[in-house]
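Q: Dropping the sequence and predicted coords here.
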Amino acid sequence: MLAQAEFSTDQYASAATHFQMARARAPAARVPLLAVRAGTAFEAAGQADSAAAAFARARSGGTLASIDTWLRVRQARVTRDTAVTAQLLADLPPPAAREAPRARARSLLLAGDTTRALDAYATTGKGGGLEAARLALATGDSTRARTLLYALLARDPLSDDAAAGVSLALRPLPPRTPEQHVALARALNRRSTTRDARIHVEHALRSGDSSATTLLLYGELLVASGRLRDAVRAYAAAARDSTSRPLATYRRARVLVRLGDSTAVAALSGFALRYPADSAAPGALYILGDMQDGRDDWPQASRWYGELISRYPGDARASLARFRLAARAESTGRPDSAAALYQSEIDASGPQRTAARFWLGKMAEARGDTSQARAVWVALAREDSLGYYGMRARREAGLPPLAFAPVAQATTPPPAVLAGLARIDTLLLAGLDTEAQAEVRVVLAHPPADLEGLLAWSEGLGVRGFGSAAVRLGWQAALLAPGDVRVLRAIFPWPNRSAVEAEAQEFGVDALLLAALVRQESVFDVEALSPAGARGLAQLLPSTASLMARGLDVTFYPDWITVPDLNLHLGAAHLAELLRRFGRVDAAVAAYNAGPIPVRRWLERAGAGDPDRFIELIPYPETRGYVRSLLRNRELYRALYGP
């Protein structure tokens with residue numbers, strides 16, 4: 001425990017010493033595993049010879065034969081004798097073989113052959129460019145180091161390697177050319193402050209880079225900085241390039257909308273007219289309708305919504321326009337017009353056709369035709385039994401809740417699956433998490449062809465914290481047996497049910513709702529990370545986690561955010577707080593996704609007291625789908641796992 005704590009806090013030499021001491025006192029079965037951990041610590045401490053000896057000890061005796069290929073790679077990359085390295089890396093099977101080039105490069109460096117090591121790093125693929133740049137810099141070849149670094153930043157600006165390379169670009173290898181300034185700006189964008197990225201783009205512009213791609217990036221950064229008028233000018237300049245003109249024109253029009261500029265309508269409508277085949281044209285028409293809708297100018301809103309529907313009947317935004325118009329028709333006493341719009345969604349096979357059928361049932365009920373309403377809902381419940389609207393229709397029709405037959409007793413997993421899971425377990429016990437993840441990726445790339453193998457892998461990965469991989473294999477199983485309850489459980493797993501139920505009980509929330517939320521947020525993947533920076537099982541932003549921890553008087557450090565029990569504890573507390581604040585489940589889960597401020601605004605709209613209408617008119621597509629999915633998940637968990 002002491003060694004692990006020291007390793008986690010970068011005290012690698014001390015960790016290696018204590019892993020060695022633990023190894024000397026451990027039962028025989030744990031000795032090789034502790035040798036691997038000692039080797040990893042020695043390597044991190046820069047003590048290559050000690051690391052090589054530790055890995056060699058771990059391999060002796062054959063106890064860790066199932067992970068020997070990975071241990072060969074580990075030993076090879078800390079071995080000074082390149083002949084021994086070549087022997088260790090010979091005939092490696094995948095996936096360990098992919099790491100052989102980098103291990104060979106590290107061995108060459110240890111052997112003092114810097115030139116060959118630099119060439120080897122430069123050709124090792126992912127990660128090699130950054131290490132090659134660092135090595136070139138260390139050997140005094142700053143020209144080559146700069147070339148390698150900025151090639152990496154330009155090629156993959158949002159990668160982890162680019163993030164690590166930013167520190168080199170900000171200090172020893174600052175950009176010199178306009179292209180290098182732009183590459184650094186792209187790597188800084190969405191990581192550092194917008195101002196930092198903008199400074200480098202402005203430097204490139206002053207140095208003569210007037211390309212449309214640079215101007216488009218500049219416009220994006222200006223918008224993020226709140227300098228909307230400057231962004232309009234940047235996009236107008238980018239539109240001089242014929243290739244970039246459609247995108248620049250559309251972005252300029254969007255900014256004019258945000259400014260409330262009187263020319264915004266002409267800009268958007270002109271774009272939609274001039275570029276009817278552009279993928280953004282339906283969006284431009286929808287924005288026009290939404291803008292007039294927000295001003296309560298329904299004649300103009302209807303005009304633009306109608307044009308969108310007539311031009312692009314199958315587009316997702318045309319579907320939204322139909323529902324907006326239908327809601328307006330209902331609220332103004334024109335039920336026949338609303339019904340026609342819902343029917344047109346069905347006829348166009350639109351993305352919301354099941355929703356349209358549900359609303360046709362509600363309209364039939366509103367006019368007193370209960371038999372017609374029930375007929376619509378019963379048919380929908382049968383045809384979309386696992387969907388949100390199928391479940392809503394089931395409830396409206398008075399049908400019994402969704403239920404499944406009991407799951408048969410689990411069978412013993414196939415031998416190949418047992419061996420694969422054992423190998424992953426051994427890697428995790430040895431502290432080789434990266435190698436364990438590589439083994440999981442192999443399973444996803446080459447899944448079993450049979451149902452039992454898929455289900456066994458899905459369950460095994462799920463209980464080991466690889467939730468998203470487990471669910472992906474569940475979907476593969478659904479292709480073979482879509483109605484099998486075991487397949488549904490693989491797609492909607494509950495690997496840590498006791499922990500979820502305990503947290504739900506502590507904060508007084510429905511355990512099924514909390515399970516549904518975790519399934520929607522992270523698919524029970526303990527290391528899940530969203531583009532917005534939310535992390536862990538309950539996908540909490542660091543700011544939200546810190547705030548909840550203070551309210552609960554819980555000690556919290558940012559590095560702890562993915563600790564499963566703590567993340568789940570804070571997530572349950574956050575959900576409970578939103579339920580208390582809004583007093584209704586639909587609004588609370590919408591706020592979990594979009595934040596409380598917009599939800600308060602949505603609740604002030606006419607008709608928001610009806611949960612169905614409230615959900616239907618959520619303006620954020622992501623949040624609208626999130627609420628539907630989460631409420632559907634809750635019913636599925638009720639049916640699959642019982643109370």
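A: On my side now, so go ahead. Residues are numbered from 1 along each chain as shown.
Q: Distance of residue 601 relative to residue 595?
A: Here the distance between residue 601 and residue 595 works out to 11 Å (CB to CB, to the nearest Å). From N, CA and C alone the C-beta is placed, and that goes for glycine too.
Q: for residue 453, same thing?
A: 43 Å.
Q: what about these two, which has more around it?
A: For residue 453 versus residue 595, the count of surrounding residues by other CB atoms under 10 Å is larger for residue 453: 19 against 14.
Q: how much space between the more buried one and residue 421?
A: Separation of residue 453 from residue 421 (CB to CB): 12 Å.
Q: what sits in contact with each of those two?
A: Taking CB atoms under 8 Å, 6 or more residues apart in numbering as the contact rule, residue 453 and residue 421 both touch residue 413.
Q: quick one, phi psi at the residue lying farthest from the centre of the chain?
A: Among the C-alpha atoms of the chain, the one most distant from their mean position (CA atoms, centre = their mean) is that of residue 368, at 45.6 Å. For residue 368, the backbone dihedrals (degrees, to the nearest 10) come out as phi 90, psi 0.
Q: Ok, residue 529 next?
A: The phi and psi torsions at residue 529 (degrees, to the nearest 10) take the values phi -140, psi 130.
Q: and what of residue 601?
A: Backbone torsions of residue 601, given as degrees, to the nearest 10, read phi -70, psi -40.
Q: okay but residue 353 is in contact with residue 345, surely?
A: Yes. With contacts defined as CB atoms under 8 Å, residue 353 counts as touching residue 345 at a distance of 5.6 Å.
Q: If you count surrounding residues, which of these two has more?
A: Per other CB under 10 Å, whichever of residue 353 and residue 345 has more neighbours is residue 345, with 26 against 18.
Q: Now do the contacts for that one.
A: When contacts are counted by CB under 8 Å, 6+ apart, residue 345 touches 319, 322, 323, 352, 353, 355, 356.
Q: re earlier: what's the pLDDT at the residue farthest from the centre of the chain?
A: Note on residue 368: pLDDT of 94.
Q: Residue 465 too?
A: In this prediction, residue 465 has a pLDDT value of 88.
Q: Nearest residue to it in space, please, no chain neighbours.
A: Leaving out its chain neighbours, the residue that sits closest to residue 465 by CB to CB, 6 or more residues apart in numbering is residue 526, at 4.5 Å.
Q: From residue 506, how far out is the one you found?
A: For residue 526, the distance to residue 506 (CB to CB) stands at 20 Å.
Q: do residue 217 as well
A: From residue 217 across to residue 506, the span is 48 Å (CB to CB).
Q: more crowded one of the two?
A: Ranked by neighbour count (other CB under 10 Å), residue 217 and residue 506 place residue 217 first, with 22 against 12.
Q: OK, contacts around that one?
A: Contacts of residue 217 (CB under 8 Å, 6+ apart): 182, 185, 186, 189, 201.
Q: cool, residue 240 as well?
A: Residues in contact with residue 240 (CB under 8 Å, 6+ apart) are residue 212.
Q: State the three-state secondary structure for it.
A: In the three-state summary, residue 240 is assigned as coil, counting by DSSP: H, G, I helix; E, B strand; the rest coil.
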